[in-house]
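In: okay, predicted coordinates and the sequence, questions at the end:
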Amino acid sequence: MAPFEALYGRRCRSPIEWLEVKERKLLGPKLVQDATEKICMICQRMLTAQSRQKFYVDNRRRDLEFQVGDHVFFKVSPTKGIMRKHNPDPSHVIRYETIQLNNDLTYEEQPVAMLDRPVKKLRSKEIALVKVLWQNHTSEEVTWEAEEEMQIKHPHLFNM
């Protein structure tokens, strides 16, 4: 049942169908009481559905557990932050000693060099891009960044 139908006891109609010849209108406190009862019923049903969904998810949720010697892959994205993945067969391992980790196991990406500086032409404007090689990453893991942002965040790359 749609919330409108539960609240008003009828289907939602277009403004042309609002007035029917034999339709009785509820006025005053009776209208308020009926609306309050319907809203309470809707809230109760929504709470029941939410608790059912939470119970379903909680039964299947389990905490991540790691053993000594397990390989864990940390993927760092400037927009998404850190993502952890348990990787039993590692294809790329970063040594702990080469990265300065913060207390919350994050680290700051540092650009090493700019490899290319093209200008992307759109219909009405041009966007200057730079191809950036990051510290602790291979040449296959370079990223394209906006030149303006890189000049603000890392001006030392442009002084060369």
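Out: That came through fine. Just so it is clear, the model here is predicted, and its values are computed rather than measured.
In: quick check on the nearest residue to Gln100 once chain neighbours are set aside: phi, psi?
Out: Spatial nearest neighbour of Gln100, chain neighbours left out: Tyr107 (6.0 Å); criterion: CB to CB, 6 or more residues apart in numbering. C-beta: built from backbone N, CA, C; applies to glycine. With angles defined as degrees, to the nearest 10, Tyr107 sits at phi -150, psi 160.
In: secondary structure element for Lys120?
Out: For Lys120, the element it lies in under DSSP states H and E is strand 119-121.
In: residues contacting that strand, please?
Out: Strand 119-121 is contacted by residues Glu126, Ile127, Ala128, Leu129 when judged by CB atoms under 8 Å, 6 or more residues apart in numbering.
In: surely the residue nearest to Gln100 meets Gln135?
Out: No - Tyr107 is beyond contact range of Gln135, at 9.6 Å (criterion: CB atoms under 8 Å).
In: those two: which is more packed in?
Out: Tyr107 (16 against 13; other CB atoms under 10 Å).
In: distance of that one relative to Gln67?
Out: According to CB to CB, to the nearest Å, Tyr107 and Gln67 sit 24 Å apart.
In: adjacent strands (with direction) for the strand holding Lys120?
Out: strand 126-134 (antiparallel) (DSSP bridges).
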